[in-house]
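>>> Sequence plus the predicted model coming up.
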Amino acid sequence: MDCGSRRHASGMRRWHFNKQKRSKPLSTMSEEAEVVDHLPALKASCMSHCPAQIKQYDACKQRIAKLGEGDCEAWYFDLLHCVDHCVAPLAFKKLK
C-alpha cells in the first residue's frame with residue numbers, strides 16, 4: 001500500500017508531494033459551518049459533580065484572603081482534575 005512515501009536506496013523512506021493539480025480550490029473556513037467550542041459549557045455543567053473540591057478550594061481562598069499570602073494552587077488543580085474527569089467522556093461525544 002502506497003501512502004505517499006517511497007523507499008530510497010538507503011532503505012529510508014522519502015516523502016513526496018502529489019504533483020497533480022487540483023481541479024477546484026480547497027474550501028475555506030468561511031464557506032464551512034461556524035465552529036462551536038462545547039468545552040466551556042461542558043466544564044460549567046461538570047462543576048456540580050465536584051462539590052467537595054469546590055468547597056475545599058473556596059475555603060482555601062478565604063484563608064488566603066485573611067492571611068494575605070500564599071496560594072491555593074494544589075486545591076485548584078484538584079478541582080480541575082475532577083472537572084476534567086467528568087468532561088473527558090462527554091467532550092468526544094460532541095465531535096463530528
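Structure received.
>>> Check what contacts the top helix by length along the chain and list those residues.
Across the chain, the longest stretch assigned as helix under DSSP state H is helix 73-93. Applying C-beta atoms under 8 Å, 6 or more residues apart in numbering, the external contacts of helix 73-93 come out as 38-39, 42-43, 46-47, 49-50, 53-54, 56-57, 60. To be clear about C-beta, it is placed using only N, CA and C from the backbone, and glycine gets the same treatment.
>>> how about the helices in the protein?
39-46, 51-67, 73-93.
>>> Take those and write them to TSV, including distance to residue 33, mean neighbour count and mean pLDDT.
Shown next, in TSV, are those (distance: least, C-beta to C-beta, whole Å; neighbours: other C-beta atoms under 10 Å; pLDDT from 0 to 100):
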stretch	distance to residue 33	mean neighbour count	mean pLDDT
helix 39-46	18	14	92
helix 51-67	35	13	96
helix 73-93	18	14	93
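>>> circling back: could you work out the most separated pair of the contacts of helix 73-93?
38 and 60 (29.5 Å; C-beta to C-beta).
>>> Just the pLDDT at residue 30, thanks.
For residue 30, the model assigns a pLDDT of 57.
>>> Same question for the one 4 residues further on.
At residue 34 the predicted local distance difference test score is 81.
>>> How about residue 95?
On the pLDDT scale, residue 95 gets 72.
>>> Ok, residue 2 next?
At residue 2, the pLDDT value in this model is 47.
>>> now the longest helix of the chain against helix 51-67, angle please.
Between helix 73-93 and helix 51-67, the angle comes out at 140 degrees (axes from the mean of the first three to the mean of the last three C-alpha atoms, to 10 degrees).
>>> Alpha carbons only: can I get helix 73-93 in PDB?
What follows is helix 73-93, C-alpha atoms only, in PDB (Å, rounded to 0.1, in the frame of the first residue of the first chain):
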ATOM      1  CA  GLU A  73      -2.700  26.000  43.600                       C
ATOM      2  CA  ALA A  74      -3.000  22.500  44.900                       C
ATOM      3  CA  TRP A  75      -6.700  22.800  45.600                       C
ATOM      4  CA  TYR A  76      -7.300  24.500  42.200                       C
ATOM      5  CA  PHE A  77      -5.600  21.600  40.400                       C
ATOM      6  CA  ASP A  78      -7.700  19.100  42.400                       C
ATOM      7  CA  LEU A  79     -10.800  20.900  41.200                       C
ATOM      8  CA  LEU A  80      -9.600  20.900  37.600                       C
ATOM      9  CA  HIS A  81      -8.800  17.200  37.800                       C
ATOM     10  CA  CYS A  82     -12.300  16.400  39.000                       C
ATOM     11  CA  VAL A  83     -13.900  18.600  36.300                       C
ATOM     12  CA  ASP A  84     -11.600  17.200  33.500                       C
ATOM     13  CA  HIS A  85     -12.500  13.600  34.700                       C
ATOM     14  CA  CYS A  86     -16.200  14.500  34.200                       C
ATOM     15  CA  VAL A  87     -15.700  16.300  30.900                       C
ATOM     16  CA  ALA A  88     -13.400  13.800  29.100                       C
ATOM     17  CA  PRO A  89     -16.100  11.300  28.100                       C
ATOM     18  CA  LEU A  90     -18.600  14.000  27.200                       C
ATOM     19  CA  ALA A  91     -16.200  16.100  25.100                       C
ATOM     20  CA  PHE A  92     -15.600  13.400  22.400                       C
ATOM     21  CA  LYS A  93     -19.300  12.700  22.000                       C
END
